[in-house]
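**Student:** let me see the structure of the following:
(one chain, ligands or ions: 1)
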Amino acid sequence: MTVCFIAIGSNLGNPVEKAKLAIEALRAMPDSRLVSCSSLYCSKPMGPSDQPDYINAVAQVETDLEPLALLDTLQQIELEKGRVRKDERWGPRTLDLDILLYGDKQIASERLTVPHYGMKQREFVLYPLAEIAPLLSMPDGKTISDLLTACPLNGLQKYSETS
Ligand code: ROI
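**Tutor:** Model (predicted):
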(Lines give C-alpha, C1' and ligand atoms only; values in the text may rest on other atoms or scores of the structure.)
Protein backbone atom coordinates (compact mmCIF):
# COMPACT_ATOMS: atom_id res chain seq x y z
CA MET A 1 0.00 0.00 0.00
CA THR A 2 1.18 3.52 -0.80
CA VAL A 3 0.19 6.53 1.28
CA CYS A 4 -1.40 9.24 -0.88
CA PHE A 5 -2.88 12.64 -0.23
CA ILE A 6 -5.84 13.84 -2.29
CA ALA A 7 -7.06 17.44 -2.48
CA ILE A 8 -10.81 18.05 -2.66
CA GLY A 9 -12.19 21.33 -4.02
CA SER A 10 -15.62 22.59 -5.04
CA ASN A 11 -17.34 25.94 -5.52
CA LEU A 12 -20.52 25.18 -7.46
CA GLY A 13 -23.78 23.39 -6.77
CA ASN A 14 -23.70 23.03 -2.97
CA PRO A 15 -19.94 22.64 -2.45
CA VAL A 16 -20.25 21.32 1.13
CA GLU A 17 -22.49 18.51 -0.08
CA LYS A 18 -20.14 17.84 -3.01
CA ALA A 19 -17.12 17.61 -0.71
CA LYS A 20 -18.94 15.21 1.62
CA LEU A 21 -19.99 13.04 -1.33
CA ALA A 22 -16.40 13.02 -2.53
CA ILE A 23 -15.16 11.84 0.87
CA GLU A 24 -17.70 9.00 0.88
CA ALA A 25 -16.61 8.06 -2.65
CA LEU A 26 -12.94 8.04 -1.56
CA ARG A 27 -13.93 5.71 1.28
CA ALA A 28 -15.40 3.31 -1.29
CA MET A 29 -12.47 3.28 -3.76
CA PRO A 30 -11.27 -0.19 -4.77
CA ASP A 31 -7.99 -1.57 -3.38
CA SER A 32 -7.71 1.45 -1.10
CA ARG A 33 -8.40 2.61 2.42
CA LEU A 34 -9.39 6.11 3.53
CA VAL A 35 -7.11 6.78 6.50
CA SER A 36 -8.21 10.28 7.48
CA CYS A 37 -9.71 13.47 6.21
CA SER A 38 -9.19 17.08 7.25
CA SER A 39 -11.92 19.47 8.29
CA LEU A 40 -13.70 21.30 5.50
CA TYR A 41 -12.26 24.77 4.85
CA CYS A 42 -13.73 27.81 3.14
CA SER A 43 -11.25 29.59 0.84
CA LYS A 44 -11.10 32.59 -1.45
CA PRO A 45 -10.91 31.65 -5.13
CA MET A 46 -7.46 31.50 -6.62
CA GLY A 47 -7.78 32.69 -10.21
CA PRO A 48 -10.67 34.88 -11.43
CA SER A 49 -12.30 36.50 -8.39
CA ASP A 50 -15.80 36.69 -9.91
CA GLN A 51 -16.62 33.17 -8.73
CA PRO A 52 -17.93 31.78 -5.43
CA ASP A 53 -15.67 30.89 -2.50
CA TYR A 54 -14.43 27.29 -2.43
CA ILE A 55 -14.83 24.45 -0.01
CA ASN A 56 -11.54 22.56 0.28
CA ALA A 57 -10.27 19.53 2.20
CA VAL A 58 -7.47 16.98 2.02
CA ALA A 59 -7.81 13.22 2.47
CA GLN A 60 -5.17 10.63 3.26
CA VAL A 61 -5.63 7.35 1.42
CA GLU A 62 -3.63 4.12 1.35
CA THR A 63 -3.89 2.43 -2.01
CA ASP A 64 -2.68 -0.47 -4.12
CA LEU A 65 -3.78 1.40 -7.28
CA GLU A 66 -0.96 2.58 -9.54
CA PRO A 67 -0.83 6.37 -9.99
CA LEU A 68 -2.70 6.44 -13.32
CA ALA A 69 -5.31 3.96 -12.09
CA LEU A 70 -5.81 6.20 -9.05
CA LEU A 71 -6.15 9.21 -11.37
CA ASP A 72 -8.74 7.34 -13.48
CA THR A 73 -10.70 6.47 -10.34
CA LEU A 74 -10.66 10.07 -9.11
CA GLN A 75 -11.79 11.40 -12.49
CA GLN A 76 -14.61 8.87 -12.47
CA ILE A 77 -15.70 10.17 -9.06
CA GLU A 78 -15.57 13.76 -10.38
CA LEU A 79 -17.85 12.79 -13.25
CA GLU A 80 -20.25 10.76 -11.11
CA LYS A 81 -20.63 13.60 -8.64
CA GLY A 82 -21.63 15.91 -11.47
CA ARG A 83 -18.59 17.79 -12.55
CA VAL A 84 -19.24 19.90 -15.61
CA ARG A 85 -15.95 20.47 -17.36
CA LYS A 86 -15.72 24.05 -18.59
CA ASP A 87 -13.16 25.45 -20.96
CA GLU A 88 -12.29 28.40 -18.78
CA ARG A 89 -8.86 28.01 -17.17
CA TRP A 90 -9.07 28.32 -13.39
CA GLY A 91 -12.83 28.83 -13.61
CA PRO A 92 -15.42 27.51 -11.15
CA ARG A 93 -15.81 23.76 -10.72
CA THR A 94 -18.36 21.47 -9.10
CA LEU A 95 -15.77 18.96 -7.89
CA ASP A 96 -12.04 18.69 -8.29
CA LEU A 97 -9.97 15.79 -6.95
CA ASP A 98 -6.20 16.14 -7.30
CA ILE A 99 -3.41 13.76 -6.35
CA LEU A 100 -1.07 15.85 -4.18
CA LEU A 101 1.42 13.16 -3.16
CA TYR A 102 1.82 9.50 -4.05
CA GLY A 103 4.25 8.12 -1.47
CA ASP A 104 7.65 9.63 -2.19
CA LYS A 105 7.21 9.27 -5.95
CA GLN A 106 7.97 12.12 -8.33
CA ILE A 107 5.96 11.78 -11.53
CA ALA A 108 6.10 13.99 -14.62
CA SER A 109 3.94 12.53 -17.36
CA GLU A 110 1.46 13.99 -19.77
CA ARG A 111 -1.52 13.22 -17.55
CA LEU A 112 -0.04 13.53 -14.11
CA THR A 113 2.44 15.66 -12.20
CA VAL A 114 3.24 14.57 -8.64
CA PRO A 115 3.83 16.30 -6.28
CA HIS A 116 0.97 18.48 -7.52
CA TYR A 117 2.59 21.51 -9.18
CA GLY A 118 0.77 24.20 -7.20
CA MET A 119 0.46 22.61 -3.78
CA LYS A 120 3.42 24.32 -2.10
CA GLN A 121 1.93 27.80 -2.55
CA ARG A 122 -1.76 27.07 -1.96
CA GLU A 123 -3.10 27.81 1.51
CA PHE A 124 -6.26 25.80 0.77
CA VAL A 125 -4.06 22.71 0.26
CA LEU A 126 -1.28 23.22 2.83
CA TYR A 127 -3.38 24.02 5.92
CA PRO A 128 -5.78 21.06 5.55
CA LEU A 129 -2.80 18.83 4.73
CA ALA A 130 -0.96 19.98 7.86
CA GLU A 131 -4.05 19.28 9.94
CA ILE A 132 -3.88 15.56 9.10
CA ALA A 133 -0.11 15.18 8.50
CA PRO A 134 1.70 17.75 10.66
CA LEU A 135 5.07 15.99 10.36
CA LEU A 136 4.96 15.44 6.60
CA SER A 137 7.99 16.03 4.38
CA MET A 138 7.84 16.50 0.61
CA PRO A 139 9.90 14.25 -1.67
CA ASP A 140 12.40 17.16 -1.93
CA GLY A 141 12.84 17.20 1.86
CA LYS A 142 10.88 20.41 2.58
CA THR A 143 8.69 20.03 5.65
CA ILE A 144 5.06 21.02 5.80
CA SER A 145 5.85 23.50 8.58
CA ASP A 146 8.47 25.23 6.37
CA LEU A 147 5.86 25.54 3.64
CA LEU A 148 3.19 26.87 6.03
CA THR A 149 5.55 29.57 7.30
CA ALA A 150 5.83 30.91 3.76
CA CYS A 151 2.10 30.65 3.02
CA PRO A 152 -0.32 33.36 4.21
CA LEU A 153 -3.81 32.21 5.20
CA ASN A 154 -5.43 34.53 2.63
CA GLY A 155 -8.76 34.43 4.46
CA LEU A 156 -8.85 30.64 4.78
CA GLN A 157 -11.28 29.53 7.48
CA LYS A 158 -12.43 26.23 8.86
CA TYR A 159 -15.93 25.74 7.62
CA SER A 160 -18.55 25.19 10.26
CA GLU A 161 -22.18 24.30 9.62
CA THR A 162 -23.39 27.26 11.68
CA SER A 163 -21.32 30.08 10.11
N1 ROI B 1 -9.24 28.24 -5.52
C2 ROI B 1 -9.54 27.74 -4.31
N3 ROI B 1 -9.64 28.58 -3.27
N4 ROI B 1 -9.72 26.41 -4.10
C5 ROI B 1 -9.61 25.52 -5.12
O6 ROI B 1 -9.78 24.30 -4.89
C7 ROI B 1 -9.29 26.00 -6.40
N8 ROI B 1 -9.15 25.17 -7.46
C9 ROI B 1 -8.79 25.61 -8.65
C10 ROI B 1 -8.53 27.06 -8.93
C11 ROI B 1 -9.40 27.50 -10.07
C12 ROI B 1 -7.04 27.21 -9.28
N13 ROI B 1 -8.79 27.91 -7.80
C14 ROI B 1 -9.10 27.40 -6.57
O15 ROI B 1 -8.66 24.74 -9.64
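**Student:** show me what the host helix or strand of residue 147 is packed against.
**Tutor:** Taking DSSP states H and E as the definition, residue 147 sits inside helix 144-149. When contacts are defined as 3 or more Cβ pairs under 8 Å, 6 or more residues apart in numbering; DSSP states H and E, helix 144-149 packs onto helix 123-132. Using the backbone N, CA and C atoms, a C-beta is placed for each residue, glycine as well.
**Student:** near the ligand at all, the helix it packs on?
**Tutor:** Yes - with Cβ under 6 Å from any ligand atom as the criterion, the ligand is reached by helix 123-132 at residue 124.
**Student:** tell me which element the closest residue to the ligand within the chain is part of?
**Tutor:** Closest residue of the chain to the ligand, Cβ to the nearest ligand atom: residue 9 (2.5 Å). In this assignment (DSSP H and E), residue 9 forms part of strand 2-10.
**Student:** give the burial count for residue 42, as a bare number.
**Tutor:** Using other Cβ atoms under 10 Å, residue 42 is surrounded by 19 other residues.
**Student:** can you pull the contacts of the residue nearest to it when sequence neighbours are not counted?
**Tutor:** Closest residue in space to residue 42, ignoring its immediate chain neighbours: residue 159 at 4.6 Å, by Cβ to Cβ, 6 or more residues apart in numbering. Neighbouring residues of residue 159 by Cβ atoms under 8 Å, 6 or more residues apart in numbering: 16, 39, 40, 41, 42, 55.
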